[in-house]
Every structure is written in C-alpha cells, then in structure tokens.
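K.L.:
Would you be able to build a 3D model of this:
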Amino acid sequence: MSATAAVVRLSSLSAESEGLVEYRADLVKELQSHKKYQQYMSKVLEVAGDFHEISEIMSRYQTLLATYEVLARKVILVFLVHLP
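P.N.:
The predicted structure follows:
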C-alpha cells in the first residue's frame, strides 16, 4: 500500500469513526430518554404481586390487548347483525 493510499484509508477510517461516535452519542441520548419507562415498569413490578419480571407484565398486556380486539370485533358483528 502506498503512502498516499494509506493516508486516504486513514482519513476514511477517521471519518467513519467520527460518524460512529456521533451515532453512539445519539443512541445513548435515546436510551436515557427511554429510561423513565424502564423505571416506571420496575416500580409497577414492585407493587404487582402476580409478576416477577417486566417481560411478564408486557406479555400479559399483549394478551389482554389481543383479547380486547377479538371481543371488540365480536361486539361489532353482533351490533351489525341486529341492525334493522
């Protein structure tokens, strides 16, 4: 590799490194902004006796949401069937 090619490669890697450092800083900011949700869920976990992990709460929420959607569709169908 010639000296010129090495300088060009080094410059390219340096620019890529700077971009990655900025990307990491953005991710850290985003993580900090979402930390409040994790803290909230931890507090919910402390007072909710039925759950041992946050993932259990989230899973239960997904189950309840799916059940709600099924029931809502059934209510709509019953309503439409009974229209004059």
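K.L.:
Only C-alpha atoms from now on, for both contacts and neighbour counts.
P.N.:
Noted.
K.L.:
any idea how far the biggest helix by length in the chain is from the chain center?
P.N.:
As assigned by DSSP state H, the longest helix anywhere in the chain is helix 3-47. Chain-centre distance of helix 3-47: 16 Å, with C-alpha atoms, centre = their mean, to the nearest Å.
K.L.:
Stretch 40-54 now?
P.N.:
Worked out by C-alpha atoms, centre = their mean, stretch 40-54 lies 18 Å from the chain centre.
K.L.:
So which bits of the helix or strand where Tyr68 lies are buried?
P.N.:
Tyr68 belongs to helix 54-81 when assigned by DSSP states H and E. The neighbour-count check on helix 54-81 (16 or more other C-alpha atoms under 10 Å) flags Ile57 as buried.
K.L.:
That one vs helix 3-47, what angle?
P.N.:
Orientation check (axes from the mean of the first three to the mean of the last three C-alpha atoms, to 10 degrees): helix 54-81 against helix 3-47 gives 70 degrees.
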